[in-house]
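# Attaching a predicted model along with its sequence, questions to come.
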Amino acid sequence: MSKKQSLKELRQYIIDRNPDEPEFHQAVTEVLASLEPVVAKHPEYTNAKLIERICEPERQLMFRVPWLDDDGEVQINRGFRVEFNSALGPYKGGMRFDPSVNLGVVKFLGFEQIFKNALTGMPIGGGKGGSDFDPKGKSDNEVMRFCQSFMTELYRYIGADTDVPAGDIGVGQREIGYLFGQYKRITNHYETGILTGKELGWGGARGRKEATGYGAVYFLQDMLSANDQELKGKKVVVSGTGNVAIYAMEKATELGATVVACSDSDGYVYAPKGLNVDLVKQIKQVDQGRISDYPERSKGKAEYVSNGSIWQVSCDVAMPCATQNELNEDDAKALIDNKVIAVVEGANMPSTPDAIQAFTDAKVLFAPGKAANAGGVAMSAMEMQQNAARESWSFDYSVDQLKTVMCEIHRSCFDTAKQYDRQGDYVFGANAAGFKRVADAMLAFG
Ligand SMILES: NC(=O)C1=CN([C@@H]2O[C@H](COP(=O)(O)OP(=O)(O)OC[C@H]3O[C@@H](n4cnc5c(N)ncnc54)[C@H](OP(=O)(O)O)[C@@H]3O)[C@@H](O)[C@H]2O)C=CC1
Ligand SMILES: O=C(O)CCC(=O)C(=O)O
């Protein structure tokens, strides 16, 4: 590529160079669409071909994961780790175990992670990993054998100062435990800093499991207050009932909002007077049940909808916290017709480009995932900090730190957008501020 190529041509070049990776193309397209004014102001980035470099992973690993199921049959899955960018620190980002995982999905997540991690202001680069293994319906022993086989290959590439994986969809404390155990077994190192999202008893951080959801709500609070609104009294809809969704619901409720709907991959529940978050936690986290159990267990205080979009439910604030591209243009129009004020992405890239355009056109406040859900990785960086110092912070102190980081991220997105005359455009603010921090470090390194 010549230095004179436009961003549009560069985007096409990246798409052609990475065929059959639609999610990666989508993530790159969104970031590049924000960078025109930034590179116009900083020709040094173009001269050093920084955008092209940032879009190319430093290293991508793909490996075989053979394991034995409970019937004694060999099963084979694929493992991935994309070490995307280490300009700001060790590669950092979660691992997803889900049948939908492929190289393009891991690359989109790793690419987003670079800018998200930069926005936290912490010393962490960007990476992501996972497998097409489906933990649903597997026994504990099967999950353990899979995790042990996965780590038997992955251990060569990770380390507290190299690459620090964590959880994501399908990877919670159980999986992190099996992965950590295998790392320790085969390396003979009790090195807590090689993974985050650990249990408290063996190197975990207080507040990590709450951090992404709480952080997204803190971002929402700041975004509303910057626009002369408040969270108290608002009606909120949250998709998903996983790690991010549950703690977003918990914090929003604690701050005086009413969460009227949430979902899982089968359907959603609607409770006009508000959901009981403790009951949702009991059903999904303790009993490993389905959200369809909620109406009966809440004694009829909610209705379950098995095929329909949760975004049809009228609300002031929508928080997509399940998965990518779960909110499309029709969903956005339904939310706009119902007078939604703000949309805050707890998941990674949950809104399609058409949906984001519809929100922008309708002047709905819109917070992209790379800014709003950065609380999880920020708390992971604090877990690394505690592991390195052999410390263990209190829950209140940790959540205070989280709040400060989210407030800084909000301010950085808001101020950057203003500086480029794009006031209120959080997508632009997040992309431009995140990119600049990474680009400046890469320039310094030659
Ligand atoms: N965990 C973290 O700290 C962070 C996570 N994220 C992002 O947040 C999102 C959720 O992650 P997390 O909460 O950890 O994952 P979990 O596995 O804990 O939960 C995922 C939730 O989303 C639901 N879901 C999954 N796929 C679909 C689908 N296709 N349609 C509808 N619902 C679906 C699941 O339903 P079911 O119960 O039926 O499986 C589950 O309720 C992901 O995009 C992840 O990348 C971002 C930052 C940090
Ligand atoms: O805590 C981490 O390192 C990973 C969080 C993550 O995967 C994400 O922010 O999407």
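Yep, that arrived. Only a predicted model underlies this, so the values are computations on that prediction, with no experimental measurement involved. Ligands and ions are numbered 1, 2, ... in the order given.
# Enumerate every residue touching Tyr155.
Taking C-beta atoms under 8 Å, 6 or more residues apart in numbering, we find Tyr155 in contact with Gln182, Tyr183, Ile186, Thr187. Yep, even glycine has a C-beta here, placed from its N, CA and C like the rest.
# Let me know the closest of these to Ile291.
Ile291 lies nearest to Gln182 out of the contacts of Tyr155, by C-beta to C-beta, at 32.6 Å.
# which SSE is the closest residue in space to the closest one that isn't next to it in sequence in?
Among residues not flanking Gln182 along the chain, Met151 sits closest, at 3.9 Å (C-beta to C-beta, 6 or more residues apart in numbering). For Met151, the host element (DSSP states H and E) is helix 140-154.
# Quick one: list the elements packing against that helix.
Judged by 3 or more C-beta pairs under 8 Å, 6 or more residues apart in numbering; DSSP states H and E, the packing partners of helix 140-154 are strand 59-68, strand 74-85, strand 126-131, helix 173-187.
# Please see if the following helix or strand past that helix touches ligand 2.
With elements assigned by DSSP H and E, the helix or strand that comes after helix 140-154 is strand 163-166. Yes - against ligand 2, strand 163-166 shows contacts by C-beta under 6 Å from any ligand atom at Ala166.
# which residues does the residue in the stretch 51-200 of the chain that ligand 2 sits nearest to form a beta bridge with?
Nearest residue of the stretch 51-200 of the chain to ligand 2: Gly94, at 2.7 Å (C-beta to the nearest ligand atom). Per DSSP bridges, the residues bridged to Gly94 are Ala166.
# Close to ligand 2: what parts of this structure are there?
Residues of the chain that fall close to ligand 2, judged by C-beta under 6 Å from any ligand atom: 92-94, 113, 116, 166, 168, 196, 348, 373, 376-377, 380.
# Just the buried residues of these.
Buried members of the residues of the chain next to ligand 2, scored by 16 or more other C-beta atoms under 10 Å, are 92-94, 113, 116, 166, 168, 196, 348, 373, 376-377, 380.
# which SSE is Lys333 in?
Going by DSSP H and E, Lys333 is part of helix 329-337.
# How about that helix and ligand 1, any contact?
No - against ligand 1, helix 329-337 shows no contacts by C-beta under 6 Å from any ligand atom, the least distance being 12.0 Å.
# now for that helix, which elements pack on it?
By 3+ C-beta pairs under 8 Å, 6+ apart, helix 329-337 packs against helix 353-361.
# Distance from the chain centre to the helix it packs on, please.
Here the centre of helix 353-361 is set off from its chain's centre by 20 Å, with C-alpha atoms, centre = their mean, to the nearest Å.
# What is that helix packed up against?
Using 3+ C-beta pairs under 8 Å, 6+ apart: helix 353-361 touches helix 22-41, helix 329-337, strand 365-367.
# per-residue confidence at the residue lying closest to Val217 once chain neighbours are set aside?
Nearest residue to Val217 in three dimensions, chain neighbours excluded: Lys251, at 4.0 Å (C-beta to C-beta, 6+ apart). Predicted confidence (pLDDT) at Lys251: the value is 98.
# do Asn307 as well
Asn307 is assigned a predicted lDDT (pLDDT) of 87.
# Many thanks, I have nothing further to ask.
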